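In: Sequence and predicted structure, then a few things I'm wondering about:
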Amino acid sequence: MNLDSKIPDGPLAEKWTNYKADQKLVNPANKRKFKIIVVGTGLAGASASATLGELGYNVEAFTFHDSPRRAHSISAQGGINAAKNYQGDGDSIHRLFYDTLKGGDFRGREANTYRLAEESVNIIDQMVAQGVPFAREYGGLLDNRSFGGAQVSRTFYARGQTGQQLLLGAYQQMARQVGLGNVKLWNRVEMVDVVNIDGRCAGIVTRDLLTGEIRSHAAHAIVLATGGYGNAFYLSTNAMSCNVTAAWRAHRRGAAFANPCYTQIHPTCIPQADDFQSKLTLMSESLRNDGRIWVPKNPDETRPAAQVPEDERDYYLERIYPSFGNLAPRDVSSRAAKRAVDAGQGVGPLKNGVYLDFADAIDRLGADVIKERYGNLFDMYERITGEDPYEMPMRIYPASHYTMGGLWVDYELQTTIPGLFCAGEANFSDHGANRLGASALMQGLSDGYFVLPYTIAPYLSEWLNKPIPDETHDAFAVAEGEAADRFKGYLDIGGTRSPDHFHRELGKIIWDYCGMDRNRAGLEKALSEIPALHEEFKSDVKVTGDTSSVNQTLEKVARIDDFFELGMLMCKDALVREESCGGHFRSEHQTEDGEALRDDENFAHVTAWEWSGDMANPIEHREPLEYEVVQFQTRSYK
């Protein structure tokens, strides 16, 4: 397997400009000759479909939702970063690039990260032109707020529903192209396999979730924009339908999977209430702008929060990380919360949370200002917990959220399978070992609107007027047969336990041994327990219904089967990476202060795994990380 990153020559700040100037193009008349499939209609998929359709390509977009507007991008509440420097506080493209690379603990690809920062300024202009209702100051200028890992205000927001508003902007542009006939939209259709012919990705196999029909779709190029795999942990902030199947099926067909152990734990989630929960609720990181995080100094404290005197409170982020305080990056803040709870200082009925307190902000700014900034988030919290955050502090605790790992892609967002591209959270490329808040929306829109439309052209130009296999090719028939057999096989097991039972048990193993804190003994235990549970799954899972109608249990069991194989790779990747970096924290590798201890000499690389046919023995490949501008340094927020 060849990991050619295709990073352009020249100074870092000029690489993207030079690439666009020198690339091969497809003229407008010829664009109509090419068909592109886009799988996923979140921010990356919807923006890619809209832009490619606008350019003149024939686009087919697939979503397993009833509407593209149900994509999980709507849940990114807090904001989107851009180096506009509207506040005049010293922001710049270089500073955003550096903060992002540093936030990822110097494990991101430098050229991709710089391009992301460079395109950030265009995203805001694009979305404003589409009518996205960003918050504005009294004079009408766009407002900003701060997010973790930065000392400037660069996050644009629409109250506490930024993701939803941005997705509506991208969706309306895609819907316009659907209306014009440039994009064909397939609703309630799930991709279940990738088809390769003669060394290139020739199309996909799908399953209609309403009828169970399995059919093939051929194209010149395929774009996967299907999000992350955080639901491998079962309890996560992701929507219940989020899964890894599209990326994993591509991996099984030859696409390298990079850095699967890089998973992000978000520090600002509502703590688990009982053992029967199926998901966790994210409270936006934007709340950390005005909320102060603390725990009682006394582990035996029983008084209500308001009655705990100031001198008996530990504002631990402000104490440990005075330069960043409550806006320390997510991985740092999450581990600090875990240390406090593990020390017995947790709050709430189960003592499994910390306080996020707005009393000071309400006294300083007034309840009306806080309501204007965060009202919908406060309402959501009260509906879930029955507690009024205007009167008493929120309770929060870290939970599985975003995934920085994903399909390996080069600078052009092309996987190791020619013709198969990957955008947004589904790829690995921009965030290193930890993602800063408000950067997910930035990457999704950057990939879809401003990167992929350029980088897909050189590949397509090579296929101008050349025939490609259509759905009648034998390879499609074989893939369809394999998919049909797989789904029928689940029904034939006839076991006694539900898919959710196995998902919960699998998620607990991964969380306990490959969650916030990892070590060799735990990872080796997980690598022995997951195969045993997988064998039990394959012999005792119970799937009701049939394959010819709506069957959400059948959908779920196939996705969980893929999570088993992914879970093995996550633990294997964490085991071979003998260092701590970002969200990957190996307890054997930490400083005296309990911070992550990197090993730049031996692990300054991307680990890209090749499917071997045996989930216990993947093939490891490495892409060295070479920095031209930034120097490796110990990450500090103190």
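Out: Happy to help now that I have it. Since the model is a prediction, treat every value here as computed from it, not as a measurement.
In: any idea how far His621 is from Asp331?
Out: 25 Å (C-beta to C-beta, to the nearest Å). For glycine as for every other residue, the C-beta is placed from the backbone atoms N, C-alpha and C.
In: And these two? Which one has more around it.
Out: Just comparing His621 and Asp331: by other C-beta atoms under 10 Å the higher neighbour count belongs to Asp331, 31 against 18.
In: who's in contact with that one?
Out: Each residue near Asp331 by C-beta atoms under 8 Å, 6 or more residues apart in numbering is listed here: Asp105, Gln264, Ile265, Ala433, Asn434, Gly582, Gly583, Phe585, Ala596.
In: what about the longest helix in this structure?
Out: Determined from DSSP state H, the single longest helix within the chain is helix 552-576.
In: For it, name the packing helices and strands.
Out: Other elements packing on helix 552-576 under the criterion 3 or more C-beta pairs under 8 Å, 6 or more residues apart in numbering; DSSP states H and E are helix 245-252, helix 474-493, helix 499-514, helix 520-540, strand 605-610.
In: for the ones you listed, which one ends up most surrounded?
Out: helix 245-252 (a mean of 25; mean count of other C-beta atoms under 10 Å).
In: What is it packed up against?
Out: Helix 245-252 packs on strand 189-197, strand 221-224, strand 257-258, strand 406-407, strand 420-422, helix 552-576, going by 3+ C-beta pairs under 8 Å, 6+ apart.
In: please redo it, this time with the cut-off set to 10 Å
Out: Here helix 245-252 touches strand 35-39, strand 189-197, strand 200-208, strand 221-224, strand 257-258, strand 406-407, strand 420-422, helix 552-576, going by 3 or more C-beta pairs under 10 Å, 6 or more residues apart in numbering; DSSP states H and E.
In: Serialize these to a markdown table and add fields for mean pLDDT and distance to Thr455.
Out: Listed next are these as a markdown table, based on pLDDT from 0 to 100; distance: least, C-beta to C-beta, whole Å:
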| stretch | mean pLDDT | distance to Thr455 |
| --- | --- | --- |
| strand 35-39 | 98 | 12 |
| strand 189-197 | 98 | 19 |
| strand 200-208 | 98 | 15 |
| strand 221-224 | 98 | 11 |
| strand 257-258 | 98 | 18 |
| strand 406-407 | 98 | 15 |
| strand 420-422 | 98 | 8 |
| helix 552-576 | 98 | 27 |
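In: coming back round to it: what would the helices and strands packed on helix 552-576 look like in CSV with distance to Gly10?
Out: Conversion of the helices and strands packed on helix 552-576 to CSV gives the following (distance: least, C-beta to C-beta, whole Å):
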stretch, distance to Gly10
helix 245-252, 31
helix 474-493, 40
helix 499-514, 39
helix 520-540, 41
strand 605-610, 22
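In: Tell me which of these approaches Tyr397 most closely.
Out: Minimum separation from Tyr397 across the helices and strands packed on helix 552-576 (C-beta to C-beta) falls at helix 499-514, 12.8 Å.
In: picking that back up, looking at the contacts of Asp331, which one is closest to Ala273?
Out: Using C-beta to C-beta, the contacts of Asp331 come closest to Ala273 at Ile265, 18.5 Å.
In: Got the confidence number for the closest one?
Out: Looking at Ile265, its pLDDT is 93.
In: Thought Ala336 was touching it, still the case?
Out: No. Between Ile265 and Ala336 there is no contact under C-beta atoms under 10 Å: 11.5 Å.
In: Which of these two has more residues huddled nearby?
Out: For Ile265 and Ala336, the more surrounded residue by other C-beta under 10 Å is Ile265, and the numbers stand at 29 against 22.
In: which residues does Leu96 contact?
Out: By C-beta atoms under 10 Å, 6 or more residues apart in numbering, the contact set of Leu96 is 81-85, 113-114, 116-118, 120-121, 150, 152, 154, 436, 439, 442.
In: Filter the residues you listed down to the buried ones.
Out: 81-85, 113-114, 116-118, 120, 150, 152, 154, 436, 439, 442 (16 or more other C-beta atoms under 10 Å).
In: Could you give the separation of stretch 485-492 from the chain centroid?
Out: Distance, stretch centre to chain centre, for stretch 485-492: 30 Å (C-alpha atoms, centre = their mean, to the nearest Å).
In: now it: mean pLDDT?
Out: Stretch 485-492 comes out at a mean pLDDT of 97.
In: neighbouring contacts of that stretch?
Out: With contact meaning C-beta under 10 Å, 6+ apart, stretch 485-492 is reached by 192-193, 207, 212, 214, 499, 538, 541-547, 551, 553-558, 560-561.
In: Below-threshold pLDDT in the stretch 301-450 of the chain: ranges please.
Out: Applying pLDDT under 70 to the stretch 301-450 of the chain flags no residue at all.
In: residue boundaries of the strands in it?
Out: Using DSSP state E, counting those that start in this stretch, the strands assigned to the stretch 301-450 of the chain run over residues 313-314, 354-357, 394-403, 406-407, 420-422.
In: partners of the second one, with directions?
Out: It stands for strand 354-357. When pairs are called by DSSP bridges, strand 354-357 turns out to pair with strand 292-296 (antiparallel), strand 394-403 (antiparallel).
In: Repeat that for the first one.
Out: Partner strands and pairing direction for strand 313-314 (DSSP bridges) are strand 292-296 (antiparallel).
In: can I have the partner strand written out in PDB, keeping just the CAs?
Out: Written as PDB, here are the backbone C-alpha positions of strand 292-296 (Å, rounded to 0.1, in the frame of the first residue of the first chain):
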ATOM      1  CA  ARG A 292     -17.200  28.500  35.400                       C
ATOM      2  CA  ILE A 293     -16.300  24.900  36.200                       C
ATOM      3  CA  TRP A 294     -15.700  23.800  39.800                       C
ATOM      4  CA  VAL A 295     -16.100  21.000  42.300                       C
ATOM      5  CA  PRO A 296     -16.300  21.200  46.100                       C
END
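In: can you give me the helices for the stretch 251-400 of the chain?
Out: Along the stretch 251-400 of the chain, the stretches classed as helices by DSSP state H, counting those that start in this stretch are 316-320, 330-340, 359-365, 367-385.
In: Show me the one of the ones you listed that comes nearest Thr237.
Out: helix 330-340 (11.7 Å).
In: Now the closest one: buried residues?
Out: Arg330, Asp331, Val332, Ser333, Ser334, Arg335, Ala336, Ala337, Lys338, Ala340.
In: what separates that helix from the chain centre, distance-wise?
Out: With C-alpha atoms, centre = their mean as the basis, helix 330-340 stands 20 Å off its chain's centre.
In: now swap in stretch 133-141 and tell me
Out: How far stretch 133-141 lies from its chain's middle: 29 Å, per C-alpha atoms, centre = their mean.
In: measure it end to end?
Out: One end of stretch 133-141 to the other measures 12 Å (C-alpha to C-alpha, to the nearest Å).
In: List the buried residues of it.
Out: Buried positions in stretch 133-141, judged by neighbour count with 16+ other C-beta under 10 Å: Phe134, Ala135.
In: From here on, call the first residue 6.
Out: All set: I'll call the first residue 6, so the last point we hit is now stretch 138-146.
In: Show me what it is in contact with.
Out: 84-85, 91-92, 129, 132-133, 147-150, 161-164, 166-167, 170-171, 173-174, 377-378.
In: Check the residues you listed for burial and list the buried ones.
Out: Buried among the contacts of stretch 138-146 (16+ other C-beta under 10 Å): 84-85, 91, 129, 132, 148-150, 161-164, 166-167, 170-171, 173-174, 378.
In: so of those, which ones are in helices?
Out: Under the assignment DSSP H, the buried ones among the contacts of stretch 138-146 contribute Ile129, Met132, Thr167, Gln170, Leu171, Leu173, Gly174, Arg378 to helices.
In: For Ser78, state which of the residues you listed is nearest.
Out: Using C-beta to C-beta, those come closest to Ser78 at Leu171, 7.2 Å.
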